[in-house]
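K.L.:
Model the following, please.
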Amino acid sequence: MRFSRWPDRLGMVIAIGCGIHCAAMTIAFLAWPALWLNRSLWERGVWQQLIVVEWTLLGLAWVLILSTSVLGWLGHGRWQPPVLGLAGISLMTASIVSPLHTLGYWGSGLALLGGVMVATAHWMNLRLACQRGRAPPRKRSGLHGPGA
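P.N.:
Residues are numbered from 1 along each chain as shown. Okay, the predicted model is just below:
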């Protein structure tokens with residue numbers, strides 16, 4: 001089975017983007033507390049739209065981590081990347097759906113840690129796929145060998 005590498009590459013980009021988003025939003029809210037208190041932003045629905053974007057990216061991350069975990073495990077047979085990826089996406093989910101989401105450093109730190117774990121799992125899948133692609137072909141024995 002040929003292992004496609006684009007889902008892992010896309011997953012790494014999304015995981016790193018999630019980490020940057022979490023860090024940037026935390027810095028923005030801690031540096032400018034008036035953002036939370038800005039009534040016009042609440043009335044325009046900016047915060048609700050931000051939550052919809054986060055849930056959409058989280059759903060996309062779940063689809064990518066599940067698909068790449070299954071494809072990676074079928075391709076290289078190692079259990080470490082899927083376990084690391086599922087643990088990371090679970091941390092990201094917990095940070096978004098729990099009350100930690102509004103607790104500044106804790107929620108962002110948890111999401112950032114989960115994003116790093118997911119990105120590392122995608123990177124491990126890519127490395128293992130590349131190593132598998134460089135492995136020398138197995139020698140065939142029996143009637144199909146040289147000279148048969």
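
K.L.:
mind checking how far Cys22 is from Met92?
P.N.:
The spacing between Cys22 and Met92, counted by CB to CB, to the nearest Å, is 9 Å. In this view, the C-beta of every residue, glycine as well, is placed from N, C-alpha and C.

K.L.:
quick one: common contacting residues for those two?
P.N.:
Between them, Cys22 and Met92 share the neighbouring residues 111, 115, with contact defined by CB atoms under 8 Å, 6 or more residues apart in numbering.

K.L.:
ok, which stretches of this protein are helices?
P.N.:
Remark: helices of the chain, listed N- to C-terminal, are 6-31, 34-37, 39-44, 46-76, 80-97, 105-134; assignment by DSSP state H.

K.L.:
quick one: average confidence on the first one?
P.N.:
For helix 6-31, the mean per-residue pLDDT is 75.

K.L.:
circling back to that earlier point, please convert the helices of the chain to CSV, extending it with mean neighbour count.
P.N.:
Rendered in CSV, the data for these read as follows (neighbours: other CB atoms under 10 Å):
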stretch, mean neighbour count
helix 6-31, 17
helix 34-37, 11
helix 39-44, 10
helix 46-76, 16
helix 80-97, 20
helix 105-134, 19
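
K.L.:
for this structure, what helix or strand is lowest in average pLDDT?
P.N.:
The least trusted helix or strand in the chain, going by mean pLDDT, DSSP states H and E, turns out to be helix 34-37, with a mean of 65.

K.L.:
which non-adjacent residue is nearest Glu54?
P.N.:
Once its chain neighbours are removed from consideration, Glu54 has its nearest residue in Ile96; the separation is 5.8 Å (CB to CB, 6 or more residues apart in numbering).

K.L.:
where in the protein is pLDDT low?
P.N.:
1-4, 32-43, 46, 102, 104, 132-148 (pLDDT under 70).
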